[in-house]
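Enquirer: Output the structure for:
(2 chains)
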Amino acid sequence: MRTIIFAGLLALAPAAYAEDTTTYEVTLKGAAFDITEIKVPAGKPFIIKMNNQNAAPAELEAKDMKIEKAVAGNSSIVVRVKAMEPGKYLFVDEYQEDVAKGYVIVE
Amino acid sequence: MIGALIIVFREVIEAGLIIGIVLAATRSVVGSRKWVGLGVLGGIVGSCIVAAFTGAIAAFFNGYGQEIFNAGILAIAVIMLAWHNIWMALHGREMAGELKQAGNEVREGSRTLVALAIVVGAAVLREGSEVVLFLYGVLIGGGGTVKSIALGAFMGLGAGAAMSALTYLGLLKIPTRHIFKVTSWLITLLAAGMAAQSISFLEKAGVVEMLSNTVWDSSSLLSEKSIAGRILHTLIGYSDQPTLLQLLAYVATLIAIIATTRLVTAPKHLAA
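Expert: Predicted coordinates for the structure are as follows:
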């Protein structure tokens, strides 16, 4: 039963992707992101695309935005973020979280 | 070193708790440790495979392959936990009553052990692949800090194993006549929490968007990402910002397992 529901949900996937959401791009190179402040309007869901230009894998993490996603070396990922309240939200490469960080500024 | 310790420990908390609970829940079933061990081993091998294919998995489903993969793994674990609980409710009493021959116990017990081995393997696999990626990154990054990071990582793994041991030994302190009930409840809550988490991954992938309003926000009170938050998240499915759909999945799983357990045990109860 659960499997059937699950399969059904998967079938819905393409429809759900069709929506129009702004994508913000950020690139990790070495121990830093190229952009350390991403400005995003409040109350609207958005997508962050992270490019990892290092050979080593990374993990994009942002506790408040509920992001936790591994990124293979020299590749990219996308993450969906729900509509946020105005504020400043930290994102990091978890594997080097002391140095590789940036903020999403929702206003 | 401390950084690596924390990263690895954060990732292994969930698996550590689950292994401890499963060991306690099956302590009287012959061969349970072997199966749990196989689950851990399978999870580690799986972690390496998943880590190696991280890029490929990410590319599926318009870039949301990892989320769909995690949702699927969790859904499987929920079914396995539910099956174990229902099976134990059905046969646990007979086994506890020593009415069966030892041989029967081994055979029948091992069926549900496979389910729990899968649960353990799934738990290790989900977080383990991130540990593997982290360690791989350290290795190819080179530099003089490799040794100290590797040491930290092993200490993190050790801390996770200690967590398993503490959970297991803590549960064993419960008097024998109550432990079956306690572990059944723990497994039911574990399953409900995993069902909610599976939904959260589907939401992150954009597969489901209905009932997506946040029911409460207790992140300032107890963050889901803090150590205590992670432990509660695993044990009872605590979420600091659950959506309505996650809450419904949680309650539905709870009710489904409890109702089915009651249903399968009721006739036996009357007969006895």
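Enquirer: Got the confidence number for the residue most central in space within chain A?
Expert: Chain A has A:Val79 as the residue nearest its centroid, 3.5 Å off, counting by C-alpha atoms, centre = their mean. The score at A:Val79 is 96. That number is its pLDDT.
Enquirer: ok but it is inside a strand, no?
Expert: Yes. Counting by DSSP: H, G, I helix; E, B strand; the rest coil, A:Val79 is located in a strand.
Enquirer: Pull the contacting residues for it.
Expert: A:47-48, A:50, A:60, A:67, A:69, B:204 (C-beta atoms under 8 Å, 6 or more residues apart in numbering or on different chains). Glycine gets a C-beta too; all of them are placed from N, C-alpha and C.
Enquirer: Swap in 6 Å and give it another go.
Expert: Residues in contact with A:Val79 (C-beta atoms under 6 Å, 6 or more residues apart in numbering or on different chains) are A:48, A:67, A:69.
Enquirer: which of those residues count as buried?
Expert: When these are checked for burial by 16 or more other C-beta atoms under 10 Å in any protein chain shown, the buried set is A:48, A:67, A:69.
Enquirer: Is the first one bridged to anything, and to what?
Expert: Meaning A:Ile48. The residues listed as beta-bridge partners of A:Ile48 by DSSP bridges are A:Tyr24, A:Val79.
Enquirer: The one 10 residues further on too?
Expert: The partner list for A:Ala58 in beta bridges (DSSP bridges) reads A:Val71.
Enquirer: who's in contact with it?
Expert: Contacts of A:Ala58 by C-beta under 6 Å, 6+ apart are A:28, A:52, A:71, A:93, A:95.
Enquirer: Mind doing that once more with 10 Å?
Expert: The contact partners of A:Ala58, by C-beta atoms under 10 Å, 6 or more residues apart in numbering or on different chains, come to A:28, A:50, A:52, A:69-73, A:75, A:77, A:92-96, A:100, B:133-134, B:137.
Enquirer: Of the residues you listed, which belong to strands?
Expert: In strands, judged by DSSP state E, the following of the contacts of A:Ala58 are found: A:28, A:50, A:52, A:69-71, A:75, A:77, A:92-93.
Enquirer: from the residues you listed, which is closest to chain B?
Expert: Using C-beta to the nearest C-beta, A:Ser75 is the member of the ones in strands among the contacts of A:Ala58 that sits closest to chain B, with 4.4 Å.
Enquirer: thinking the closest one is in contact with A:Asn51, fair?
Expert: Yes. Counting by C-beta atoms under 10 Å, A:Ser75 touches A:Asn51, with 7.9 Å between them.
Enquirer: how about low-confidence regions in the stretch 51-200 of chain B?
Expert: Applying pLDDT under 70 to the stretch 51-200 of chain B flags residues B:92-110, B:142-144.
Enquirer: Now do the strands in it.
Expert: In the stretch 51-200 of chain B, no strands are defined using DSSP state E, counting those that start in this stretch.
Enquirer: rewinding a little: now the two most distant members of the ones in strands among the contacts of A:Ala58.
Expert: A:Ser75 and A:Val92 (18.3 Å; C-beta to C-beta).
Enquirer: and these two? which has more neighbours close in?
Expert: Using other C-beta atoms under 10 Å in any protein chain shown, the more surrounded residue of A:Ser75 and A:Val92 is A:Val92, with 20 against 17.
Enquirer: got the residue ranges for the helices in the stretch 1-150 of chain B?
Expert: Counting by DSSP state H, counting those that start in this stretch, one finds helices in the stretch 1-150 of chain B at the ranges B:2-25, B:32-52, B:54-59, B:65-96, B:102-141, B:146-172.
Enquirer: Can you tell me which of these is most buried?
Expert: Comparing the helices of the stretch 1-150 of chain B by mean neighbour count (mean count of other C-beta atoms under 10 Å in any protein chain shown), helix B:2-25 ranks first with a mean of 23.
Enquirer: From the contact counts, what lies against it?
Expert: The helices and strands touching helix B:2-25, judged by 3 or more C-beta pairs under 10 Å, 6 or more residues apart in numbering or on different chains; DSSP states H and E, are helix B:32-52, helix B:65-96, helix B:102-141, helix B:146-172, helix B:176-204, helix B:227-236.
Enquirer: for the record, mean pLDDT for it?
Expert: 90.
Enquirer: could you redo the contacts of A:Val79 as a markdown table and give each row pLDDT?
Expert: Converted to a markdown table, the contacts of A:Val79 look like this (pLDDT from 0 to 100):
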| residue | pLDDT |
| --- | --- |
| A:Ile48 | 96 |
| A:Ile67 | 94 |
| A:Lys69 | 94 |
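Enquirer: possible to save those residues as JSON lines with distance to B:Ala196?
Expert: Formatted as JSON lines, the contacts of A:Val79 follow (distance: C-beta to C-beta, whole Å):
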{"residue": "A:Ile48", "distance to B:Ala196": "24"}
{"residue": "A:Ile67", "distance to B:Ala196": "18"}
{"residue": "A:Lys69", "distance to B:Ala196": "19"}
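Enquirer: Quickly note the distance from B:Leu157 to B:Ala25.
Expert: To B:Ala25, B:Leu157 is 23 Å away according to C-beta to C-beta, to the nearest Å.
Enquirer: And for B:Leu245?
Expert: In terms of C-beta to C-beta, B:Leu245 sits 29 Å off from B:Ala25.
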